[in-house]
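>>> Any chance you can model this:
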Amino acid sequence: MRGTGTPGITRLIGNTPLLRVRLFEREFPNVEVYAKAEWFNPGGSVKDRAAQAMIEDGERSGALTREKTIIDSTSGNTGIAYALVGAAKGYRVSLVMPGNVSAERKALVTAFGAEIVYSDAGEGSDGAIVMVREIVERDPERYFYPDQYSNPANPRAHYEGTAVEILEQTAGRITHFVAGLGTTGTLVGTSRRLKEHDASIRTIAVQPDDSFHGLEGLKHLPTAIVPKIWDASVADEVWGCPTEPAYDLAREVARTEGLLVGHSSGAALWAVRRLAATIREGVVVTVFPDSGDRYLSTGLYGRPQ
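Residues are numbered from 1 along each chain as shown. Down below sits the predicted model:
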């Protein structure tokens, strides 16, 4: 079994590129838009950061031992990240996922050797949360349950990583930060650090505009189990994004800039456009959580086969 300190794939997590997005340049010429390309993480998403942080926090505290199985609920990306980091460090991983997550996500989790337990698709991510809690309660000694929705190491990964990278990559010029709400870790951790650096930086949180939506990975907080790590004080505004315009923008940025991104990146772009219309000038940074290649079977980029 490999030791936890062995250099490997996990050292490539973080330090993702900041890309210039020119989609709204003609409409708003004085607004610079940049996006963190989080699919450059080895597990293909922003969730690599939180998964690594939570697992290594468990190692340091002694809560995670070789005898325990890492378990959590996930709609996909955190599960892939747990599976990758677990494989790299030599841990067993079990994941509770809604039955309707994309085929690509299921295949990736399985490829890294993790076990999947499916929850009711109709109950979404909340159903997976309830199920994983029941599993852990039945046999608590068997599992290390990071609980991505409650674990402070989740936002801390972005406080110590994502935000610092953004400040360096923009040379401190950032005026606005936009991010989607899932576990809320990205928005909370990044915004907290950015506001410590400069309290005038405005932060916009994006959630689906309804409980029934197609923005996989995002949560409609008013009708969901609210993550314990959510800190509303760091978000200057919370906007509700409709599904179809987010899909349209994801497709548009793929076709015009070669950026193949997922549903939640489309939601971020929707918020960036709305923001640009109100500020008229500034340096806006958002997060593209993952690539669109893990949604090809969903029909995001055309009719599913």
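>>> Report the separation between the closest residue in space to Asp210 that isn't next to it in sequence and Gly124.
In space, and not counting its chain neighbours, Asp210 is closest to His220: 6.3 Å by CB to CB, 6 or more residues apart in numbering. Yep, even glycine has a C-beta here, placed from its N, CA and C like the rest. Noted for His220: a distance of 10 Å to Gly124, by CB to CB, to the nearest Å.
>>> Those two - which one has more neighbours?
Gly124 (22 against 18; other CB atoms under 10 Å).
>>> what secondary structure does the more buried one sit in?
helix (DSSP: H, G, I helix; E, B strand; the rest coil).
>>> Now do the helix or strand containing Glu134: which elements does it pack against?
Using DSSP states H and E, the element containing Glu134 is helix 124-138. Helices and strands touching helix 124-138, by 3 or more CB pairs under 8 Å, 6 or more residues apart in numbering; DSSP states H and E, are strand 69-73, strand 92-98, strand 115-119.
>>> what comes into contact with the next helix-or-strand element following the first one?
Counting by DSSP H and E, the next helix or strand C-terminal to strand 69-73 is helix 77-89. Outside helix 77-89, the residues within contact range by CB atoms under 8 Å, 6 or more residues apart in numbering are 2, 4, 8-10, 41-48, 50-52, 55, 70, 72, 74, 92-93, 95, 97, 105, 108-109, 111-114, 116, 146, 148, 183, 217, 289-290.
>>> so of those residues, which ones are in strands?
Ile70, Asp72, Arg92, Val93, Leu95, Met97, Ile116 (DSSP state E).
>>> For those residues, could you give me JSON lines that also reports pLDDT?
Formatted as JSON lines, the ones in strands among the contacts of helix 77-89 follow (pLDDT from 0 to 100):
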{"residue": "Ile70", "pLDDT": "98"}
{"residue": "Asp72", "pLDDT": "98"}
{"residue": "Arg92", "pLDDT": "98"}
{"residue": "Val93", "pLDDT": "98"}
{"residue": "Leu95", "pLDDT": "97"}
{"residue": "Met97", "pLDDT": "94"}
{"residue": "Ile116", "pLDDT": "96"}
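>>> between these, which is closest to His197?
Asp72 (30.9 Å; CB to CB).
>>> Parallel or antiparallel, which strands does the following helix or strand past the helix holding Glu134 pair with?
Note on helix 124-138: by DSSP H and E, the next helix or strand toward the C-terminus is strand 143-144. Paired neighbours of strand 143-144 in the sheet (DSSP bridges): strand 69-73 (parallel).
>>> Off-centre distance for the partner strand?
Centre-to-centre, strand 69-73 and its host chain are 17 Å apart (CA atoms, centre = their mean, to the nearest Å).
>>> report the angle between the axes of it and helix 77-89?
170 degrees (axes from the mean of the first three to the mean of the last three CA atoms, to 10 degrees).
>>> buried ones in strand 69-73?
Buried residues in strand 69-73, counted by 16 or more other CB atoms under 10 Å: Thr69, Ile70, Ile71, Asp72, Ser73.
>>> re the thing from before, just send the helices and strands packed on helix 124-138 back as CSV, with distance to Trp230 too.
Shown next, in CSV, are the helices and strands packed on helix 124-138 (distance: least, CB to CB, whole Å):
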stretch, distance to Trp230
strand 69-73, 16
strand 92-98, 20
strand 115-119, 22
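>>> between these, which gets nearest to Ala232?
Of all the helices and strands packed on helix 124-138, strand 69-73 comes closest under CB to CB, at 22.6 Å.
>>> CA atoms only for that closest one - export them in PDB, please.
Output of strand 69-73 as PDB, limited to C-alpha atoms (Å, rounded to 0.1, in the frame of the first residue of the first chain):
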ATOM      1  CA  THR A  69     -13.700   3.000   3.400                       C
ATOM      2  CA  ILE A  70     -14.100   6.500   2.200                       C
ATOM      3  CA  ILE A  71     -17.900   7.100   1.600                       C
ATOM      4  CA  ASP A  72     -19.900  10.100   0.600                       C
ATOM      5  CA  SER A  73     -22.900  11.200  -1.500                       C
END
